[in-house]
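Chemist: okay, predicted coordinates and the sequence, questions at the end:
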Amino acid sequence: MPIWKRPPDITEIHSRQPNTVNGLLGIRITEVGDDFIKGEMDVDERHVQPFGILHGGVSVVLAETLGSVASVLCCEEHQGAVGLEINANHLLPVPRGDTVLAECRPVRVGRSVHVWNIEMRRKSDGKLNCVSRLTTSIIDRRRPG
């Protein structure tokens, strides 16, 4: 049974990315299942720190992107999601030229708070390179009067 309250449309999600950090970094949503979202990002010169490996902050952007999309899909049309807290544990380096594959799954989808777990793996060997947890607050976007 799908958890989404809005129909997931990858094309529509990507149409909102130009001129945003997601578009600039080349983050792509690749799959939406009943209770997960998958995405990927090729690691190139935009993503690495001076030692030629994926910058931890870029991993956090990928995690927050997937978790935020998931939260919005779990909201009613008049609601939105804003980030409250995110953390990340960087477990292995990802070199320039590799791709990061990410999967986001719910920990808790409540009325006012959502918590998401995001796991990232190196495409080259499938090893877990980062785990992240995102908490979002669900807000009402209707304006009074």
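Modeler: Right, received. Where do you want to start? Residues are numbered from 1 along each chain as shown.

Chemist: how many residues are close by R108?
Modeler: Neighbourhood size, R108 [other Cβ atoms under 10 Å]: 9. C-betas here are computed from N, CA, C, even on glycine.

Chemist: now it: which helix or strand?
Modeler: Taking DSSP states H and E as the definition, R108 sits inside strand 99-109.

Chemist: that strand packs against which elements?
Modeler: On a contact count with 3 or more Cβ pairs under 8 Å, 6 or more residues apart in numbering; DSSP states H and E, strand 99-109 meets strand 37-42, helix 56-73, strand 113-122, strand 128-140.

Chemist: in TSV: these, plus mean pLDDT and distance to N19.
Modeler: Shown next, in TSV, are the helices and strands packed on strand 99-109 (pLDDT from 0 to 100; distance: least, Cβ to Cβ, whole Å):
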stretch	mean pLDDT	distance to N19
strand 37-42	98	17
helix 56-73	98	15
strand 113-122	98	24
strand 128-140	98	23
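
Chemist: distance to R28 and mean neighbour count added to these, as CSV?
Modeler: Shown next, in CSV, are the helices and strands packed on strand 99-109 (distance: least, Cβ to Cβ, whole Å; neighbours: other Cβ atoms under 10 Å):
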stretch, distance to R28, mean neighbour count
strand 37-42, 5, 21
helix 56-73, 10, 22
strand 113-122, 14, 21
strand 128-140, 17, 18
